[in-house]
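S.K.: predicted model follows, preceded by the sequence.
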Amino acid sequence: TPAPTVAVVTGRVFTPDGRGLRNAVVSLTDSLGVRRTSTTSSFGVYTFQDVPFGDNYVFGVSSKRYRFSTVIRSITGDLSNFDFLGLE
C-alpha cells in the first residue's frame, strides 16, 4: 500500500473567551494561490480533506465579530486540534 500523500486538517475556532465560534470561515491557501474554505459548525469545528503534503499553507479565519491571526503551516501529515483563538 503506498504511503498517503494527502492529509486531513481539523480544528476549532474559538471566541476570545473560549467558546466555539459557529459560521466562521476558515481559509487554506496553497503556494500557488489556490484557496479553499470551510465554515465552522455550531461548536466551531472545521475540517479540510485531501490536503496535499509538502506545501506551506496560509490559514486564515474570517468572522463578523472577531479578528484572527494568519498562520503559515507546512503540512506533512494529518493535523488535528489546529485551533484558532479570536483576538479582542
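M.R.: Thanks, I have it.
S.K.: and for R19, the neighbour number?
M.R.: By other C-beta atoms under 10 Å, 11 other residues sit near R19. Yep, even glycine has a C-beta here, placed from its N, CA and C like the rest.
S.K.: where does this protein dip in pLDDT?
M.R.: Low-confidence segments of the chain (pLDDT under 70): none present.
S.K.: what about the strands in it?
M.R.: Per DSSP state E, the chain carries strands over the ranges 6-14, 25-29, 35-39, 45-52, 56-62, 71-74, 84-85.
S.K.: buried stuff in the third one?
M.R.: This means strand 35-39. S38 (16 or more other C-beta atoms under 10 Å).
S.K.: go on, the fifth one?
M.R.: Of the residues in strand 56-62, those buried by neighbour count under the rule 16+ other C-beta under 10 Å are Y57, F59, G60, V61.
S.K.: and if you look at the fourth one?
M.R.: Of the residues in strand 45-52, those buried by neighbour count under the rule 16+ other C-beta under 10 Å are V45, Y46, F48, V51.
S.K.: need the contact list for the second one.
M.R.: What that stands for is Y46. T10, G11, R12, V13, A24, V26, S38, T39, T40 (C-beta atoms under 8 Å, 6 or more residues apart in numbering).
S.K.: what about 6 Å?
M.R.: Contacts for Y46 (C-beta atoms under 6 Å, 6 or more residues apart in numbering) come out as V26, S38, T40.
S.K.: out of these, who's nearest R67?
M.R.: V26 (14.0 Å; C-beta to C-beta).
S.K.: okay, now the closest one: neighbour count?
M.R.: Every residue meeting other C-beta under 10 Å relative to V26 is counted, giving 26.
S.K.: got it, and G44?
M.R.: For G44, using other C-beta under 10 Å, the count is 20.
S.K.: against R12, how distant is the closest residue to it other than its chain neighbours?
M.R.: Among residues not flanking G44 along the chain, G20 sits closest, at 2.9 Å (C-beta to C-beta, 6 or more residues apart in numbering). The spacing between G20 and R12, counted by C-beta to C-beta, to the nearest Å, is 6 Å.
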